[in-house]
Structure formats: structure tokens, C-alpha cells
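A.B. asks: sequence-free structure coming up:
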């Protein structure tokens, strides 16, 4: 798999923005010394990378942002389970936009992508792994994650739709937006 230089640079930019938004500009709540809930905009650049460049690029941005972010600002021991979750945060939107290539034009379809992505990664997998690895009951972390799911589903689509439209106006190459 080969990525054009411009796409690699944009992926690196999205990775760094994700790290900053996840590790610095997020509300982090710990349970028993382990980060149980993180509310912020850190997944937005990962979802955007999956939408713009496909599932492979989205997965790479998600995994790399989690790895680098952990080494910059760790909270607890490193667990590869959460790196896989971050990779899935980029892979799922990439797959969903491949199913409907015109979906980026519709904020409701983008909302559906955000909803499915966060439902799988944040509401299902993360609480499951927190219980499996650290014994934190799912019922403790689930209610705030469901509330966050609603907030993400309501807010992210408009931000993503606006960013994608701006990139299209700039004739951004390297993504599916210019393949027509």
C-alpha cells in the first residue's frame, strides 16, 4: 500500500491534531487509577481521515495517534486493546464511505457514520475491555458513554461536513473527493 506524499502529510497532521485533542484538550475521568472515560474531540480527526482517505489510512491515523499519545502522556499501563479501538475508529468510517461514496455530501449520513463508529468503539468495545482488563463494571462507564454518543452524533457531523466542503473548495487532492 502506497500513500502519496500530500496524503501522508495530511495524515500526519490529523494524527497530531488527534493527539492534542485527546491528550490535552479532553476531560479525563479515572476509575481505580485507570482512565475510564475521556470526553473530547480526539476522535474527530481519526474519523475524518477514514472518510477522506479510506479505511487503511483511517486505521493508521488512529493507531499511530494512540501509540504516540500514550508515550507523550500515559495514563496507566499500555494496553494494545485500546490501540485497536482507535484504529477501528478510522477503519469503520472508511468502510462506510466506501459503501456510499456520495455520503460525505449528506450530514445525516455522516451522523450515521459517527453514530455507528462511536457505538462500536466507545459504547461497546471500550467498556468491555475496561471490564475485562481492569474489572471496572460496564454499568459504571456505560451511562456517560451513551450521553457522549448523543453529543458526538449531534455535533461531529456538522464539523466534518464543513471541513470536507472546505477541502473540496480548495481542490484538495489525494482523497476520494477528487476521484470523479
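C.D. replies: Structure's in. What do you need? Note that the structure is a prediction, hence the values are computed from the model and not measured. Numbers count the residues shown, from 1 in each chain.
A.B. asks: biggest helix in this protein by residues?
C.D. replies: As assigned by DSSP state H, the longest helix anywhere in the chain is helix 138-169.
A.B. asks: got the buried residues for stretch 15-27?
C.D. replies: Of all the residues in stretch 15-27, those buried under the rule 16 or more other CB atoms under 10 Å are 15-23, 26. The way it works is simple: take the backbone N, C-alpha and C, and place the C-beta from them, glycine included.
A.B. asks: So which of the residues you listed are in helices?
C.D. replies: Judged by DSSP H, these include 15-23 as members of helices.
A.B. asks: tell me, how many neighbours does the residue lying closest to residue 15 once chain neighbours are set aside end up with?
C.D. replies: Using CB to CB, 6 or more residues apart in numbering and skipping residues adjacent in sequence, the residue nearest residue 15 is residue 65, 4.7 Å away. When neighbours are defined as other CB atoms under 10 Å, residue 65 has 31 of them.
A.B. asks: And for the residue positioned nearest the centre of the chain, nearest residue in space, chain neighbours not counted?
C.D. replies: Centrality entry for the chain: nearest residue to the mean C-alpha point is residue 43, 3.1 Å, by CA atoms, centre = their mean. In this structure, residue 43 finds its nearest non-sequential neighbour in residue 89, 5.2 Å apart by CB to CB, 6+ apart.
A.B. asks: Can you pull out the low-pLDDT segments for this structure?
C.D. replies: Flagging of the chain using pLDDT under 70 yields the residue ranges 28, 30-38, 171-180.
A.B. asks: Which stretches in it count as helices?
C.D. replies: For the chain, the helices defined by DSSP H occupy 5-23, 44-53, 55-72, 80-99, 107-118, 126-134, 138-169.
A.B. asks: Understood, closing this out.
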